[in-house]
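A.B. asks: I would like to see how this sequence folds:
(one chain, ligands or ions: 2)
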Amino acid sequence: MYDSGLMAKAKNIYQCRSCNATALTWMGKCSSCGEWDSLELQAQAQSTSTLNAAANFAATVGQFGDAAEAIKILEIDAPKIGRMSTGIQELDRVLGGGLVQGSVVLVGGDPGIGKSTLMMQAAIGAAREGNRVLYATSEESAYQCKLRAERLLEVEEVSENGLDSLFVLADTDLARITTQVMELRPQFLVVDSIQMTYRSDIESAPGSVSQIRRCCLELVYLARQLQMPIMIVGHVTKDGQLAGPRLLEHLVDVVLNFEGDRHYALRGLRSAKNRFGTTLEIGLFEMGQHGLQEVVDAAAFLDPDAPPRAGAVVCPAMHGSRSLLIEVQALVTQGTIGQARRRASGLDGNRFTMLTAVLEQHANLKLADQDIYVSTVGGLKLTEPAVDLALCLAMIGAYNNKVLRKGVCAIGEVGLGGELRTVPQIEQRVAQARRRGYSKILVPITQVEVAGQNAVGVASIADLQDLFENIKYFSTPKTRLSDDKKEERIKYA
Ligand code: TYD
Ligand code: MG
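C.D. replies: Numbers count the residues shown, from 1 in each chain. Ligands and ions are numbered 1, 2, ... in the order given. A predicted model of the protein is given here:
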């Protein structure tokens, strides 16, 4: 046998855990995505093992079906896309009408945001619809899962309750999970979480790039083979110690981001990628004592009995295909010239700063020595420019200490010249506000006809000042409360 003696020297390969790029030498910063300290050494055998994922998978699962053959595009029969309801309307809507058979959905989000809760609720929902469901948990024990289910169902002990077909498997080894799936043949599988699941034949630690990618790939094969939808939970960590789900986005069919502020109960479920539906939908939930409650009501964040306050303006904002009425608040207080503070929470900070400049220039507000704080109520994020008009009105109201009369809300984008610009989906927003009893809906003047009944057209921010001076829609609040009014405000249990 001929031995050249020139056997290729084994090379180390370093892979970025955030963008998956490879490099031949270790570098402090990934040259592809710019992430620091993200390159990690890949095991030698690993590139082949990833390639062999399909073969290994076949070995675990057994052989199915025949080898695929290339066919003409014209001859491809359209399969019926079967969808399964998770029993959670908001989740179904974001998915595009339920879980598609054989699809893989990745649910990402910060630790503690409520991913496991959402998954357990979906598992319960699907089981109650009569599906056999397997919840594979690698982070919690089976008993913890049961406790959570009891908490969600508001029961002392899970009894039948339609949950006869819900199974829990506490395991981290993907091969064993697959074996269980092959035995049980569930119609829906939840894997919580991908970071804690591992293949014992891969050397690197659970949570590393190679483990996560390989496990996800095998789950994708499993979903396709068994025509079973899988929902995979993935953590997003700031320091990047665990490979984030970004790595897996191209492997799966749907990527959902579960987001929200941990200090608020509100959670939003957004889809970043969806092969079977739009990515514009947003599901809204509120975390409560008994799990996530769906937020379906457009005025859920408004207190219908709240008296009008200076600096508070309601805006019919769009969330996905729905219009929600959201209160925008502003507080303007005396600050120091040159060091005036500007803080925005739930709103786009850059837009807010721009609007303060527009107000100075076109609405005659002197804000250089004023501290301004603006926020949305309930922790909702509102980044669409259509909120500009409401934000400007809130700031003018707070500055002048004047309140909007009851029944007034505002929608419109504001340009640098102070002019009001057209916003999308005006009819829907106005209709929603009208339905909620708003009788004067301020809209861009160009859209007043389209908006129809109850709409009041505004051409420019300069005209808002006129509204103030005429005190047409504004009235001065009482600064001191009379004694009987105080009683209404402070209540003892
Ligand atoms: P969890 O679903 O475990 O978050 P994740 O899987 O994303 O890490 O739940 C997160 C938080 O939600 C936890 O701190 C407790 C809280 N929670 C409630 O407030 N109500 C509930 O009914 C449940 C189940 C959890
Ligand atoms: Mg969890």
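A.B. asks: which residue packs closest to Glu40, ignoring adjacent ones?
C.D. replies: By the measure of C-beta to C-beta, 6 or more residues apart in numbering, the closest residue to Glu40 outside its immediate chain neighbours is Arg17, 5.8 Å from it. Any C-beta I mention is one placed from the backbone N, CA and C, and that applies to glycine too.
A.B. asks: against ligand 1, how distant is the one you found?
C.D. replies: Applying C-beta to the nearest ligand atom, to the nearest Å, the value for Arg17 to ligand 1 is 20 Å.
A.B. asks: can you report how many residues neighbour that residue?
C.D. replies: A count of nearby residues for Arg17, using other C-beta atoms under 10 Å, gives 23.
A.B. asks: may I have the phi/psi pair for it?
C.D. replies: Backbone dihedrals for Arg17, given as degrees, to the nearest 10, come out at phi -80, psi -10.
A.B. asks: now the residue in the stretch 301-450 of the chain that ligand 1 sits nearest to. Nearest residue, chain neighbours left out?
C.D. replies: Using C-beta to the nearest ligand atom, the point where the stretch 301-450 of the chain gets nearest to ligand 1 is Gly379, with a distance of 14.5 Å. Residue nearest to Gly379 in three dimensions, not counting chain neighbours: Tyr264, with 3.1 Å by C-beta to C-beta, 6+ apart.
A.B. asks: tell me the predicted confidence for that neighbour.
C.D. replies: Each residue has a pLDDT score; the one for Tyr264 is 78.
A.B. asks: do I have it right that it meets Gly378?
C.D. replies: Yes. With contact defined as C-beta atoms under 8 Å, Tyr264 counts as touching Gly378 (6.6 Å).
A.B. asks: neighbour count winner among the two?
C.D. replies: Between Tyr264 and Gly378, counting by other C-beta under 10 Å, Gly378 is the more crowded of the two (18 against 14).
A.B. asks: in a helix, the more buried one, correct?
C.D. replies: Yes. The assignment for Gly378 is a helix, going by DSSP: H, G, I helix; E, B strand; the rest coil.
A.B. asks: would you confirm that it contacts Leu266?
C.D. replies: Yes. Contact between Gly378 and Leu266 holds when scored by C-beta under 8 Å: they sit 5.5 Å apart.
A.B. asks: how much space between the residue of the stretch 301-450 of the chain closest to ligand 1 and Asp110?
C.D. replies: When distances are taken as C-beta to C-beta, to the nearest Å, Gly379 and Asp110 turn out to be 14 Å apart.
A.B. asks: follow-up on the earlier one: who are the neighbours in contact with the residue of the stretch 301-450 of the chain closest to ligand 1?
C.D. replies: Listed by C-beta atoms under 8 Å, 6 or more residues apart in numbering, the contact set of Gly379 reads 260-261, 263-266, 346.
A.B. asks: please redo it, this time with the cut-off set to 7 Å
C.D. replies: Listed by C-beta atoms under 7 Å, 6 or more residues apart in numbering, the contact set of Gly379 reads 260-261, 264, 266, 346.
A.B. asks: and this structure, which residues reach ligand 1?
C.D. replies: Taking C-beta under 6 Å from any ligand atom as the criterion, the neighbours of ligand 1 within the chain are 109, 111-117, 148, 151-152, 287, 289-291.
A.B. asks: in strands only, show me these.
C.D. replies: In strands, judged by DSSP state E, the following of the residues of the chain next to ligand 1 are found: 109, 287, 291.
A.B. asks: and the second one, how many neighbours does it have?
C.D. replies: With neighbours defined by other C-beta under 10 Å, the count for Met287 comes to 18.
A.B. asks: tell me what it is bridged to.
C.D. replies: For Met287, the beta-bridge partners are Leu292 (DSSP bridges).
A.B. asks: quick one: residues contacting it.
C.D. replies: Counting by C-beta under 7 Å, 6+ apart, Met287 makes contact with 114, 265, 267.
A.B. asks: what is the nearest of those to ligand 1?
C.D. replies: Nearest to ligand 1 among the contacts of Met287 is Gly114, at 4.3 Å by C-beta to the nearest ligand atom.
A.B. asks: ok now do that closest one, which residues does it touch?
C.D. replies: Listed by C-beta under 7 Å, 6+ apart, the contact partners of Gly114 are 258, 267, 287, 292.
A.B. asks: next, the first one: secondary structure please.
C.D. replies: This points to Phe258. Secondary structure for Phe258, judged by three-state DSSP, is strand.
A.B. asks: ok, it - contacts?
C.D. replies: Under the criterion of C-beta under 7 Å, 6+ apart, the neighbours of Phe258 are 107-109, 113-115, 118, 267, 269.
A.B. asks: reformat these as CSV; add distance to Ala70.
C.D. replies: Shown next, in CSV, are the contacts of Phe258 (distance: C-beta to C-beta, whole Å):
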residue, distance to Ala70
Val107, 35
Gly108, 35
Gly109, 40
Ile113, 44
Gly114, 45
Lys115, 40
Leu118, 40
Arg267, 45
Leu269, 39
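A.B. asks: I'd like those residues as CSV, with pLDDT appended.
C.D. replies: Shown next, in CSV, are these (pLDDT from 0 to 100):
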residue, pLDDT
Val107, 93
Gly108, 89
Gly109, 87
Ile113, 89
Gly114, 92
Lys115, 94
Leu118, 95
Arg267, 88
Leu269, 91
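A.B. asks: of all those, which comes closest to Val328?
C.D. replies: Ranking the contacts of Phe258 by separation from Val328, with C-beta to C-beta as the measure, puts Arg267 on top at 20.4 Å.
A.B. asks: of all of the stretch 151-300 of the chain, which residue lies closest to ligand 1?
C.D. replies: Distances from the stretch 151-300 of the chain to ligand 1, computed as C-beta to the nearest ligand atom, single out Gly291 as the nearest residue at 4.0 Å.
A.B. asks: report how many residues lie close to the nearest residue to that residue once chain neighbours are set aside.
C.D. replies: If the residues on either side of it in the chain are set aside, Gly291 comes closest to Leu152, at 4.2 Å by C-beta to C-beta, 6+ apart. When neighbours are counted by other C-beta under 10 Å, Leu152 registers 17.
A.B. asks: Leu152 and Leu292 touch, don't they?
C.D. replies: No. Under the criterion of C-beta atoms under 7 Å, Leu152 lies out of contact with Leu292, with a separation of 8.6 Å.
A.B. asks: what sits in contact with each of these two?
C.D. replies: When contacts are counted by C-beta under 7 Å, 6+ apart, Leu152 and Leu292 are jointly contacted by Gln121.
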